[in-house]
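J.: Everything below, folded, please.
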Amino acid sequence: MRTGLSAGEVAERVADGRTNAFTQETSRSVWSIVRSNVLTLFNGIILACFLVLLAIGRWQDALFGFSAIANAVIGSVQEFRAKRSLDRLALLNSPSARVLRDGVEADIEVGDVVMDDLIVLRAGDQVPADALIVETHGLQVDESMLTGESDAVEKTVDDRVLSGSTVVAGEGCAVVDRVGADSFANSLSTEAKRFSLIASELRSSINRVLKWVTWIVGPVALLVLNAQMNAVGGWSDATSSGAWRDAATATIAAIVAMVPLGLVLMTSISFAAGAVKLARKQVLVQELPAVEALARVDLICLDKTGTLTQGDIVFDAVHPIREQIGWERVLGWYGVQSDANATARSLTARFTDQPDTAPTDRIGFSSARKWSAVVFPDGMWILGGPEMVFPARTDDDAGHRELAAQAERLAATGRRTLVLAHGTPTTDETVPHDAVPVALLTFREDIRPDAAETLAYFAAQEVGVRIISGDNPQTVAAIARDVGLDAPSGFDARNLPDDDDALLRVLDEHLVFGRVTPDQKRRIVVALRRAGHTVAMTGDGVNDALAIKEADIGIAMNSGAAATKAVARLILLDGRFSHLPSVVAEGRQVIANIERVSMLFLTKTAYATFLAIVFGILMLPFPFLPRQLSISDGLTIGLPAFFLALLPNAQRYIPGFLRRSLSFAVPAGLAVTLGITAYARLAAGLGIPEAEVRTGSTLILTLIGLWILVVLSRPVTRFKGAVIGVMMVALVVVYTVPIARDFLQFVDVTLPTALLVLGTSLVSIALIEIVRFAHRRIARRDEERMLAQRTAK
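T.: Below is the predicted model:
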């Protein structure tokens, strides 16, 4: 009998450092958070402009530098807070390993496994360290996440099992021979160990905008600098007189305004805040952009057990078919095995006696074949799904037909049904040809009290549902009907077509699928994604791991297999299915608010770029100082965006985020540019002093910016109205308080300037309203197109 290492041997290995301890971040590292918020190209541009202004003595115009520092600090702090919350949850719910020490089986943390430990492996376990098999009982391991080999590998004595692989059937023992950084999984690159990053429309769209701005900021800067140097007397005179400092200051104002620094910050904060809010609801987010991806889900695939039902299996009844001595003792043996699943364990409530002799052989349960077997001296006993143990090819026998009919009747009541059969032992892990049914067994599952309400929410939100389970299709269909789904019958996955187009037709016609193998679950998810659906997959068993990995959003129950949790994007820590509506709602809030906020930032980038180009071509003095743009940006974009990005928002996700944002931002930016340019030309024609021109330009830009804020905040609630009102009061303050006026170099405007400001603002506001009207029509067309596509699907 194996006893494993002694306490002294474990202590010796720990002292030598031969442990499985390995630092693997469960979220982004502190350095990566700081790097992504601080060491960016745009921060480099801002820093260069900041240092130039300090060098030429214009520190008053370097306010944007402090704003950029604040952005970086706030973004880092918010993400670090999210990281701390997620790491704390991940630590509390970290996977464990099962070892045999001093002859006693114990669950320990994966990092506490030491060299030469005897690890005990059972179905659903994730292998904690590389090891050599010393004992096996039908042990099958899925190494697809490490090697790409999709088929489970049968392991024999002296075979190697790799850390990170998953036990899908049987059980066994193995001696650890590689730990920590030397183990296979940890020796892979970080990219290979981690699942691929979530496809984030927000992230990719914003990166695209940043790339465009990066390409044009250099040429535009040269264009503006040339115009400003000529505006102050030409390159030669400006250089000799020192007026080049004014030209440099105006150029920096144009460049800084083009950079949408706050947009990246708002996106990071929204992701982090969403993750923290979900963490408070016992939902662990393993990757922050998963919060956004939730908003795009239009179809969710559910496993029955642990999702629609509580997952606690209760033995219901036995329905004897023929007399066979010893069958009750065999069921008692099944119930007390160390690798017994919930169904087998429930047998102990009725069957307590054990066989007099030990088994001579056994075949572990497999999700693919859906039966297990044990061999005693009196023959082979098989326990599994009736239609799997006695498939349709034997239904020509009257007894088998009656068995199938009885099993169907029981399954239609929502009970899980198994058959116990007896036959002559085989050597190839197949059901004996002479196998005969001995008894039908039925089991009950309690439906989750929140299942019906949760499914009703998905129906109201037009999120499709598919139930894919390994159980009898009629059992699953009966439970689906109990929770409000229109499922007259379940589809037997053994009849799924091989052709992908035919498979999609079946998936469109049926809601419930039973007897689904792990590979079929994965194939279903892949087919639905290929058809254009954004798919979420929930599950808790090891048979769900492959499908969860393939889904756009994999959601695992914390009570599930370690392998399943390892590949999931989200983990429901308390296993409550009712969290899913709030999870989807959080994702929709994030993406809808970011779309609204992005239109603010992109409008600023658009008008800043257009103003720089137009004033550069027309050789006009740039009508703003950097400090004046900073205060305008703060009142109309920066401060309001913090509040708008975190407000409740139930708007449904509609594809085309960047196109819709630009369809507002670009025309709105043109409207602002036309207004400012017209004002500057008219003011120059009237001989208005430069300081007064800049005061009027800032006033126009702030008024138009506040109106854009009003337009994008509709419908204006009390809270939004309060935010806008505070910004307007702040505008009055900076224009009237002497200290602020002097610092910002504002002057009293004359009547001609006041009339120009009023007229330009009103015309620009009217143009903004036209732009918003056209934008809403585009958004409606996008929504109608999305609904038409969903109907077509």
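
J.: from here on, contacts and neighbour counts on C-alpha atoms
T.: Noted.

J.: now the end-to-end length of stretch 745-754.
T.: End-to-end distance of stretch 745-754 (Cα to Cα, to the nearest Å): 17 Å.

J.: what sits up against that stretch?
T.: The contact list for stretch 745-754 (Cα atoms under 8 Å, 6 or more residues apart in numbering) reads A683, I688, A691, E692, V693, R694, T695, G696, Y735, R741.

J.: what distance separates that stretch from the centre of its chain?
T.: A distance of 52 Å separates the centroid of the chain from that of stretch 745-754, by Cα atoms, centre = their mean, to the nearest Å.

J.: Which positions within it qualify as buried?
T.: Q745, F746, V747, V749, T753 (16 or more other Cα atoms under 10 Å).

J.: And for stretch 503-511?
T.: Result for stretch 503-511 [16+ other Cα under 10 Å]: buried residues L503, L504, L507, H510, L511.

J.: now swap in stretch 211-227 and tell me
T.: Neighbour-count burial for stretch 211-227 [16+ other Cα under 10 Å]: V213, T214, V217, V220, A221, L223, V224, L225, N226, A227.

J.: which other residues reach that stretch?
T.: Here stretch 211-227 has contacts from 247-248, 250-252, 254-255, 258-259, 609, 612-613, 615-621, using Cα under 8 Å, 6+ apart.

J.: Restrict it to CA atoms and write it as CSV.
T.: Extracted in CSV, the C-alpha atoms of stretch 211-227 (Å, rounded to 0.1, in the frame of the first residue of the first chain):
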residue,chain,number,x,y,z
LYS,A,211,-2.7,55.1,-34.4
TRP,A,212,-4.4,57.6,-36.8
VAL,A,213,-3.5,60.5,-34.5
THR,A,214,0.0,59.2,-34.1
TRP,A,215,0.5,59.3,-37.9
ILE,A,216,-0.8,62.9,-38.3
VAL,A,217,0.4,64.7,-35.2
GLY,A,218,4.0,65.2,-36.6
PRO,A,219,3.0,66.7,-40.0
VAL,A,220,0.3,68.8,-38.4
ALA,A,221,2.7,70.1,-35.8
LEU,A,222,5.1,71.3,-38.5
LEU,A,223,2.3,72.9,-40.4
VAL,A,224,1.1,74.8,-37.3
LEU,A,225,4.6,75.9,-36.3
ASN,A,226,5.3,77.3,-39.7
ALA,A,227,2.0,79.2,-39.6
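
J.: What mean pLDDT does it get?
T.: For stretch 211-227, the mean pLDDT works out to 88.

J.: picking that back up, I313: which of the buried residues of stretch 503-511 is nearest?
T.: L511 (23.5 Å; Cα to Cα).

J.: Can you name the residues that contact that closest one?
T.: L511 neighbours (Cα under 8 Å, 6+ apart): V465, R466, I467, D486, A487, G490.

J.: how about S630, what does it touch?
T.: S630 neighbours (Cα under 8 Å, 6+ apart): L63, F64.

J.: Sorry, slip of the keys, the one I care about is T267.
T.: L202, I594.

J.: tell me how far the helix or strand in which it is found is from the chain's mean position?
T.: Using DSSP states H and E, T267 maps to helix 261-280. Helix 261-280 has its C-alpha centroid displaced from the chain centroid by 13 Å (Cα atoms, centre = their mean).

J.: what's the next secondary structure element after that helix?
T.: strand 283-285.

J.: ok, F622 touching Q228?
T.: Yes. Between F622 and Q228 there is a contact at 7.1 Å, judged by Cα atoms under 8 Å.

J.: Mutual contacts of the two, please.
T.: A250, T251.

J.: low-scoring stretches of the stretch 401-550 of the chain, by residue?
T.: Under the criterion pLDDT under 70, the flagged ranges of the stretch 401-550 of the chain are 541-543.

J.: now the strands for it?
T.: With strands called from DSSP state E, counting those that start in this stretch, the stretch 401-550 of the chain shows them at 416-423, 436-447, 464-468, 491-492, 512-514, 535-539.

J.: other SSEs contacting the longest one?
T.: Think strand 436-447. strand 309-320, helix 398-411, strand 416-423 (3 or more Cα pairs under 8 Å, 6 or more residues apart in numbering; DSSP states H and E).

J.: got a list of contacts for it?
T.: 308-324, 327, 343, 403, 407, 410, 414-423, 479.

J.: again, 6 Å this time
T.: 308-310, 313-322, 415-422 (Cα atoms under 6 Å, 6 or more residues apart in numbering).

J.: For C173, give me its contacts.
T.: I119, V120, L121, I133, V134, E135.

J.: if you skip the residues just before and after it, what's nearest to G669?
T.: Y607 (4.0 Å; Cα to Cα, 6 or more residues apart in numbering).

J.: One more: S632?
T.: T702 (5.3 Å).

J.: related to what we said a few turns ago, with mean neighbour count and distance to D125 added, can I get the strands of the stretch 401-550 of the chain in a markdown table?
T.: Below are the strands of the stretch 401-550 of the chain laid out as a markdown table (neighbours: other Cα atoms under 10 Å; distance: least, Cα to Cα, whole Å):
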| stretch | mean neighbour count | distance to D125 |
| --- | --- | --- |
| strand 416-423 | 25 | 24 |
| strand 436-447 | 21 | 24 |
| strand 464-468 | 22 | 22 |
| strand 491-492 | 21 | 28 |
| strand 512-514 | 27 | 24 |
| strand 535-539 | 29 | 15 |
